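S.K.: only geometry, no sequence info:
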């Protein structure tokens, strides 16, 4: 194992290794699944399940840990690495495992948009884990899809939380994505996008450039500000995506109260989210030539959860089903971090089968 700059994070391993040596304990193999987003990062540690066994329901989880943002585009590479390493170390420590127990790691993180992103993160993981550990790096949308399909990469996933992305896979391995380019390039439909439009509407109303809206008092009360002018200082003091996205419930509440500006913002978000899914489905022809073939659509994220009168997820599904009557909506029973662990398990199983065929 290579020495690494954050070696103190792994000090717990020395004590566990001493116990194992004294008790002659057989090392239990584990898999780490990590879902790294803009708001937080989740790691689960699950035992390695032999390929001859059926996956149990529910899946056994030895430990679950949470750390901060791991999107390098949002917080920078150093902070992202620290969050990822800390969450993995904490999960292993709580499960009574060490890095020598790890069979595979699947890191599914937002901000992985190009093979260069994957290679950079893989090289960093290689500094932490032994050379025989199987490492997989994917966009966080891939784990979200796997959370609804038990690790199988087929269908489409729509994530709408702090950010948003639509991602799809065909059974022969083709893939496509839409949105997910971050707030500057227009993640409209996301929690950040909805909240940013609400803040803009308040400023426009204050200037006289837009209609009056109950968003003004609701947002000011939530932030404990006295004037829309103060929103400028509040926004740029810390313009992190997650902080602004936290205003989403305020927008939904105003829409529930029939504020026309808030309703218009949410209708726009529904259109944006549905159009992202439509773009992916059509590029991959998931719906078949006649547009009626069945395909799974996994829906994940706080924006898509039911909110009083306004259920954005159902509104999005209503739009999509008009174009694709064969769409099968799935609300995952497990979180994306479990989906990442299932991905790793499936990758290992395929590799094992390929080795068996080649021998």
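M.R.: Looks like it arrived, so ask away. Predicted model only: the values in this text are computed from it and were never measured.

S.K.: how about residue 204, what does it touch?
M.R.: Applying CB atoms under 8 Å, 6 or more residues apart in numbering to residue 204 gives the contacts residue 210. All C-beta spots, glycine's among them, are computed from the backbone N, C-alpha and C.

S.K.: What segments of the chain are strands?
M.R.: 30-36, 41-47, 63-67, 102-109, 134-138, 155-160, 164-169, 175-179, 295-300, 327-330 (DSSP state E).

S.K.: Any buried residues in the third one, and which?
M.R.: Put plainly, it is strand 63-67. 63-65, 67 (16 or more other CB atoms under 10 Å).

S.K.: which one of the residues you listed sits closest to residue 242?
M.R.: Lowest distance from residue 242 to the buried residues of strand 63-67 (CB to CB) belongs to residue 67, with 13.3 Å.

S.K.: wait, doesn't residue 65 sit right on residue 91?
M.R.: Yes: at 4.5 Å, residue 65 and residue 91 qualify as touching, with contact defined as CB atoms under 8 Å.

S.K.: Next, show the common contact partners of these two.
M.R.: Counting by CB under 8 Å, 6+ apart, the shared contacts of residue 65 and residue 91 are residue 43.

S.K.: circling back: mind putting the strands of the chain into TSV with mean pLDDT?
M.R.: Converted to TSV, these look like this (pLDDT from 0 to 100):
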stretch	mean pLDDT
strand 30-36	95
strand 41-47	96
strand 63-67	96
strand 102-109	94
strand 134-138	94
strand 155-160	95
strand 164-169	94
strand 175-179	93
strand 295-300	95
strand 327-330	96
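
S.K.: And residue 335, how close does it get to residue 293?
M.R.: Distance, residue 335 to residue 293, using CB to CB, to the nearest Å: 29 Å.

S.K.: More neighbours: these two, which one.
M.R.: Between residue 335 and residue 293, residue 335 has the larger neighbour count (other CB atoms under 10 Å), namely 18 against 15.

S.K.: how close does the more buried one sit to residue 222?
M.R.: Distance, residue 335 to residue 222, by CB to CB: 27 Å.

S.K.: Quick check, pLDDT for the residue nearest to the spatial centre of the chain.
M.R.: Closest to where the C-alpha atoms of the chain average out (CA atoms, centre = their mean) is residue 140, at 4.3 Å. On pLDDT, residue 140 comes in at 86.
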